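Engineer: no sequence on hand, only this structure:
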């Protein structure tokens, strides 16, 4: 045997011994999270903290809201979070989280730094990382959360009802003959928008629209006024609240007066957390988008 | 690499003109040259043109190029004034705390940290201008001593106030609850001409041109100030008055430009040095030529900011150093550079 092989064998033996020595107790659950990490839960978690608002909504959708013992300072939905203890998630306030004595920490690589996982492990807190990139991933995350927290039947019911709403939307969108071109803006003064690979383009397509910024290589581009003039969007959606004042857009960008969206008064505000937060309320976001893109159809759908 | 002043002036004027043409002809959306020409002719003759092209060329690109021209020129001459005032080649328009004061004022206003009564009376440019003025006033009060301005106190006070204002900006941006506004402020902090419009141009144009005239009138005192304050005083220059006038002009020009376009760095530092390398120290040449070169440089920097990523905007402040440094280092290596 060559020395290298010998060394490897030795290493394997040591590793195996370690594994045996610290094997999980009976009834423990070992799962692989979305980042490929092994997470071991000694028992069904009863005290859970979430490191992002989308995760809080997912936990509530999975029927395990009563297990939350703390949420981030950015959380605002559902109203039940108002009474929960808060901690800062960016940067993570580890002390506050340890003090809450959770037996599971839920995180998402959309907001949280995967490197924080090592710190949580050193503190003896199991952390499960989600990674969702589409509406389908979010529904999957609700089911996974239900499995992790022992509320699978509720999670399944929620997902089924969300799917039913999606099917209704899809059926309605199928009847449409005209797909308007849509520009989705995150902010109106500086024109932040969604570039290539964003799930927002999929949302727009699901309610019968064509998102205009889906081919920009930058994932979070700042659009130039010129480009918008050239794109000639038929509808402009601004994620700045349902009470968004369309006059603001023309005030900041006076040269846009001849865009079809401006001339035909098709500028529409949508609640930001319905679109920007990848949680179960994305379905409500879709319904709001349908209102913007096809108001007559939306009225028929929910009288 | 010295050139005769007249030849150099002609070159720089030609460069500026070419820059304006390029700035109007090119952009994040490509328009055919004949379309651009037709839009410009249409403004004169009143002929009908494609309305989208008209908006792009006349309402977006031209005011933007002019704003870049004024800002580049203005910051360059203020750079000259500051370098002469403190007799230090490292000086630039922001050395007395003007930009960090403006940044603090703008972030406090924009992120909603001012009392409502105050913020209703302000606008973003006004808040930035007042922030700049406040910072400079503090520095000025620190530097004043028995009716004289101490240059070393001016410099140290400027550095200290800059740090203070920068930490206010950092705190405000960190503590801000709204990410959208944060992005907008960041864009402003890095400097951008994307908001340029005809209606915003008159004030910066007036202040910058008045600043240029004022500096032209001060070229002889500036030449002598470079020799040192005592020699200048012995040669009959009212040194304290000249210093105050230079600070006043610099504050007004920089404060106004920063308020409208954000803190665009580097122009005010390198352009005066580049011009000195080309034409020598006399201010009657350095001031106007710095204006021309600074204006052309910033138009090109803005053009790069518009062209680098298709369809999207990049803050021009990101580009100035990126484009300027290689050119500047080359100039520094090649010429027999002399500061004073």
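Structural biologist: Thanks, I have the structure now. A quick note: this is a predicted structure, and the numbers were derived from the prediction, not measured.

Engineer: tell me where the stretch 101-250 of chain B has helices.
Structural biologist: B:116-121, B:124-143, B:151-175, B:179-189, B:202-217, B:219-225, B:229-234, B:239-261 (DSSP state H, counting those that start in this stretch).

Engineer: need those helices in a markdown table (columns: distance to residue B:7).
Structural biologist: Every residue, glycine included, has its C-beta placed from N, CA and C. Output for those, formatted as a markdown table (distance: least, C-beta to C-beta, whole Å):
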| stretch | distance to residue B:7 |
| --- | --- |
| helix B:116-121 | 51 |
| helix B:124-143 | 38 |
| helix B:151-175 | 35 |
| helix B:179-189 | 39 |
| helix B:202-217 | 21 |
| helix B:219-225 | 20 |
| helix B:229-234 | 31 |
| helix B:239-261 | 28 |
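
Engineer: to chain A, which of these lies closest?
Structural biologist: helix B:179-189 (4.2 Å; C-beta to the nearest C-beta).

Engineer: against which helices or strands is the closest one packed?
Structural biologist: helix B:98-110, helix B:151-175 (3 or more C-beta pairs under 8 Å, 6 or more residues apart in numbering or on different chains; DSSP states H and E).

Engineer: out of those, nearest to residue B:207?
Structural biologist: helix B:98-110 (13.5 Å; C-beta to C-beta).

Engineer: the closest one packs against which elements?
Structural biologist: Under the contact definition 3+ C-beta pairs under 8 Å, 6+ apart, helix B:98-110 sits against helix B:124-143, helix B:151-175, helix B:179-189, helix B:239-261.

Engineer: in terms of mean pLDDT, which of those helices ranks lowest?
Structural biologist: If the helices and strands packed on helix B:98-110 are sorted by mean pLDDT, helix B:179-189 sits at the bottom with a mean of 78.

Engineer: before we move on, which element is the most centrally placed residue in chain B in?
Structural biologist: Per C-alpha atoms, centre = their mean, the C-alpha nearest to the average position across chain B is that of residue B:75, at 2.9 Å. Element membership for residue B:75 (DSSP states H and E) is helix B:62-86.

Engineer: for residue B:266, grab phi and psi.
Structural biologist: phi 80, psi -30 (degrees, to the nearest 10).

Engineer: which ones are touching it?
Structural biologist: B:92, B:320, B:321, B:324, B:325 (C-beta atoms under 8 Å, 6 or more residues apart in numbering or on different chains).

Engineer: quick check: PyMOL command selecting the buried ones in those residues.
Structural biologist: To isolate the buried ones among those in PyMOL, judged by 16 or more other C-beta atoms under 10 Å in any protein chain shown, type:
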select buried, chain B and resi 92+320+321+324
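
Engineer: which of the contacts of residue B:266 come close to chain A?
Structural biologist: By C-beta under 8 Å from any C-beta of the partner chain, no member of these lies near chain A.

Engineer: need the contacts of residue B:266 in a markdown table with distance to residue B:153, can you?
Structural biologist: As requested, these are exported to a markdown table (distance: C-beta to C-beta, whole Å):
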| residue | distance to residue B:153 |
| --- | --- |
| B:92 | 18 |
| B:320 | 30 |
| B:321 | 29 |
| B:324 | 30 |
| B:325 | 31 |
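
Engineer: worst-scoring helix or strand of chain A, pLDDT-wise?
Structural biologist: The helix or strand of chain A with the poorest confidence is helix A:3-21; it has a mean of 55 (mean pLDDT, DSSP states H and E).

Engineer: next helix or strand past it?
Structural biologist: strand A:29-32.
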